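Asker: Got a sequence here, can you model it:
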Amino acid sequence: MWEQIREDWIAHGRDWTLPGFRAVAVYRFGVWRMAQPKIIRAPLKFLYNALYRKVRNGYGIELPYTVTLGRRVVIEHQGAIVIHGYSVIGDDSIIRQGVTLGNRHLDRPLDAPKLGARVNVGAGAKILGAVTIGDDACIGANAVVISDVPAGQTAVGIPAKLLKPKSAES
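Answerer: Modelled structure (predicted):
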């Protein structure tokens, strides 16, 4: 846990006061506590719940411990960030303010987005349902993604469409 938190601290510019770093640190603590024996886990539950609520209510970042979060994930800003509890976020990805990784259909509440490594999610983007975002993909600001985005592609708009690669335009 401490090595991952150290990596997260470095990824967040070595600033422990950033709300994004604090949210990720609380997440790491939540995951760590679940690996402890029940006798130890029980009192840690109260501390985790208090810290989780502080991050959620104070910074507007919902990042439950049930998320599969990669290493060095950066949450750049706070406010209106909602991450589905069964989402997967790959290593070195970036999440900005106003981002939602959520479910799309009420009758399939466990469907959640899966982001590959180094995915860059713009402010206000919504990624909904059981979609897969490939490695090195970019999601434009305020995009609404409801279908898969291949690796290395950029998706923008509502609903999001893929931009043509620069080499194909010339």
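Asker: Please make it C-alpha for all contacts and neighbour counts, starting now.
Answerer: Noted.
Asker: State the distance from the nearest residue to L63 once chain neighbours are set aside to Y65.
Answerer: Spatial nearest neighbour of L63, excluding adjacent residues (Cα to Cα, 6 or more residues apart in numbering): I83 at 5.5 Å. Going from I83 to Y65 by Cα to Cα, to the nearest Å gives 10 Å.
Asker: ok, how many other residues are close to the residue lying closest to G134 once chain neighbours are set aside?
Answerer: Of all residues not flanking G134 in the chain, A151 sits nearest, at 3.8 Å (Cα to Cα, 6+ apart). Residues near A151, counting by other Cα atoms under 10 Å, number 17.
Asker: What residues does A151 make contact with?
Answerer: Contacts for A151 were tallied using Cα atoms under 8 Å, 6 or more residues apart in numbering; they are I133, G134, D135, D136, A137.
Asker: Likewise for D148?
Answerer: D148 makes contact with V131, T132, I133, G134, according to Cα under 8 Å, 6+ apart.
Asker: for A25, same thing?
Answerer: A25 touches I5, D8, counting by Cα under 8 Å, 6+ apart.
Asker: now the helix or strand it falls within: how far from the chain's centre is it?
Answerer: Following DSSP states H and E, one finds A25 within helix 19-34. Computed by Cα atoms, centre = their mean, to the nearest Å, the separation of helix 19-34 from the middle of its chain amounts to 12 Å.
Asker: With stretch 58-77 instead?
Answerer: With Cα atoms, centre = their mean, you get 5 Å for stretch 58-77.
Asker: cool, stretch 129-136 as well?
Answerer: For stretch 129-136, the distance to the chain centre is 12 Å (Cα atoms, centre = their mean).
Asker: Look up phi and psi at the residue nearest to L63.
Answerer: phi -120, psi 120 (degrees, to the nearest 10).
Asker: Pretty sure it sits against E62.
Answerer: Yes. Contact criterion Cα atoms under 8 Å: I83 and E62 qualify, at 5.9 Å.
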